[in-house]
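Asker: below: sequence and its predicted model.
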Amino acid sequence: MRDTHTRRSSALALAASALGLAFAAPIAWANEAAERLTERLDPLENYQATFEQQILDGGGERLQSARGEMWLSRPGMLRWEVDAPYTQVVVSDGDDVYLYDPDLEQVTVQAMDDRVTHTPALLLSGSASDLTASYDVFHEQQNGDDVFTLIPISADTLFEELSMVFDNQTLTELWMMDSTGQRTAITFSDITRNGSIDRSLFNFDIPEGTDVIREEL
């Protein structure tokens, strides 16, 4: 029972971090790469997709996999729903982030401080100028896709390297590597850019009887 709780807690934390993996050595100059990334992110008002997520250890062995659906609206709005293997929900309303596990009947609430907004999925909901000011950005092309690798300038981040893969103007993959060498990859499909999204998706009403954990700054 304890192992099950540990796996579920770990999976929820990974869902909140929402993720990516390292690519081959980037080749474009940082300033030029930041401009190219800005050109792709600035027109993005909202984004909806299904996703598949895999977590790998340093040796490449798969530790976890998950799938679900996500909705993003700039600035600062995100809903990330994991359907399998466990149902979990992460919601950002622009002020707070809610991490909800319906099976455990528990929700963790965090304010949108700098560390939270620098998780990979929430990075996409912020401004491109803030993004390129906080990260060294590099660019290369792989098999016709544009790959942007972000290296944090500050040490206070949840990852050491993040890559975004674009097919023309559309984000199709996120890859991340953390300080332990653990890697996470998310592949997006059924993608809609700048379509109509119900704003109520970004509101979270805490269900009655749910344990609430508020993490203070």
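Answerer: Arrived safely, thanks for sending. Numbering: from 1, shown residues only.
Asker: helices along the protein, start to end?
Answerer: 2-17, 30-41, 114-117, 120-125, 128-134 (DSSP state H).
Asker: I would like the residues contacting the second one, please.
Answerer: Counting by CB atoms under 8 Å, 6 or more residues apart in numbering, helix 30-41 makes contact with 26, 28, 124, 128-129, 131-132, 136-139, 146, 148, 164, 166, 169, 171, all of which sit outside it. In this view, the C-beta of every residue, glycine as well, is placed from N, C-alpha and C.
Asker: I figured Ile197 hits Asn46, correct?
Answerer: Yes: using CB atoms under 8 Å, Ile197 is in contact with Asn46, at 5.0 Å.
Asker: confidence score at Asp95?
Answerer: You'll see Asp95 listed with a pLDDT of 89.
Asker: count of residues packed around it?
Answerer: Asp95 has 8 neighbours, counted by other CB atoms under 10 Å.
Asker: for the closest residue to it other than its chain neighbours, what are its contacts?
Answerer: Computed as CB to CB, 6 or more residues apart in numbering, the closest residue to Asp95 that is not its neighbour in sequence is Met112, at 5.9 Å. Applying CB under 8 Å, 6+ apart, we find Met112 in contact with Gly76, Ser92, Gly94, Asp95, Asp96, Val97, Leu122.
Asker: among these, which lie within strands?
Answerer: Ser92, Asp96, Val97 (DSSP state E).
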